[in-house]
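Engineer: What shape does this take:
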Amino acid sequence: MKHAPFIHTSQNAPYIYLTHLAAMVPCVAFAVFYYGIRAICLLSFCTLMFVLSDLLFGKISGRKNTGEYFDVSSIESGLLFGLLLPPDTSLVIALIGVLFGSIVVKQFFGGAGSNILNPPCAARLFLGVCFPSYVTGYSKPLSSWFKFTTLLTPSVSEETLPELSELSYSELFSGLSGGGMGMSCAVLILLGFVFMAAKGTIRPYAPAGYILTILIGYPVFNSSEVFATGGFHSYVAFVATSGVVFVAVFFMGDYTTMPSRFMAGIVAGIVCGLLTLILDGRMSSDIMLTAPVVAVNFMSFVFDYFSKTISRRGKTSREVDVL
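Structural biologist: This is a model prediction of the structure:
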């Protein structure tokens, strides 16, 4: 089947979205185990509100469902957005982000499969730009399982996160550094990637270009730090805890908003990685991660167009179609 503007696959949309949801299960389990009732409430709230917003706007706008399948993308977008939030985010701020992602980013452009920007990524960027003081409530993992008052009132957490230099490599990769609820455990995120790759519901081109650019480019951009004593630990800490692994798997591998062709995907990943490294240390971590993805989303059709033009040189139409 085909979905505008970039999906060209024989697998149907519900199958793709369901496998993506399954890939997020380890991250959801991590968030609930590390942050308790706040994570349960925030993830459930974001998912439910995203689904209801999509349904209500669809009815108001007169957009009819063909009845072929239920729009699973709403569930995926809501859950993915929730995983991007710090555990101390209030429900009011979360709702603002959901409405922006659902209505402005997704529905205004025609709904599922037609949006040019990744809705949860754009929504998280919107909150980081417009409400920066309300999305900085990072909490120390495993510290307050039954805490829920922050869901009711926007506040900035006074908890002190662990120093990255004090964490071992195993603690870094297991998510003990804190951060967005589902973004800091690189091991579980990679487990989701392996699952989607096995099911054939993720294109690895852009994720590969992105993560390789980060791995190679970080020492170049931060040579004085990386090559100093203990610098390798800071290098590993950035890769494991900054959220770049989460971005590579769940944003760069998106079927709808990323290029579909091999070369276009690689270039998109490289550009996104370079933008991330440029913003590192100059912007807050949430903007550093989400702004490059949104920028590349805008350029995806350009990457796809030029890769298609190049691929046509000296090839028949049938040969081009399989590139």
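
Engineer: Torsion angles phi and psi at residue 283?
Structural biologist: phi -130, psi 170 (degrees, to the nearest 10).

Engineer: Excluding covalently adjacent residues, which one is nearest to it?
Structural biologist: residue 291 (7.1 Å; Cβ to Cβ, 6 or more residues apart in numbering). C-beta coordinates here come from the backbone N, C-alpha and C atoms, glycine included.

Engineer: hang on, the one you found in a helix?
Structural biologist: Yes. Looking at residue 291 with DSSP: H, G, I helix; E, B strand; the rest coil, it is inside a helix.

Engineer: That one: how many residues sit nearby?
Structural biologist: Neighbouring residues of residue 291 were enumerated by other Cβ atoms under 10 Å; the total is 20.

Engineer: Helices of the stretch 201-323 of the chain, residue ranges please.
Structural biologist: Taking DSSP state H, counting those that start in this stretch, the helices of the stretch 201-323 of the chain run over residues 205-221, 223-226, 231-241, 244-250, 262-279, 285-311, 317-321.

Engineer: so which of these is the most packed in?
Structural biologist: helix 244-250 (a mean of 27; mean count of other Cβ atoms under 10 Å).

Engineer: mean confidence for that one?
Structural biologist: Across helix 244-250, pLDDT averages out at 95.

Engineer: among the helices of the stretch 201-323 of the chain, which is nearest residue 134?
Structural biologist: Evaluated over the helices of the stretch 201-323 of the chain, closeness to residue 134 peaks at helix 285-311, with 11.6 Å, by Cβ to Cβ.

Engineer: Show me what that closest one is packed against.
Structural biologist: On a contact count with 3 or more Cβ pairs under 8 Å, 6 or more residues apart in numbering; DSSP states H and E, helix 285-311 meets helix 119-130, helix 244-250, helix 262-279.

Engineer: Of the ones you listed, which is nearest residue 171?
Structural biologist: Residue 171 sits nearest to helix 244-250 of all the helices and strands packed on helix 285-311, at 15.6 Å, using Cβ to Cβ.

Engineer: and residue 56, helix, strand or coil?
Structural biologist: Recorded secondary structure, residue 56: helix (three-state DSSP).

Engineer: Count the residues that sit near it.
Structural biologist: 13.
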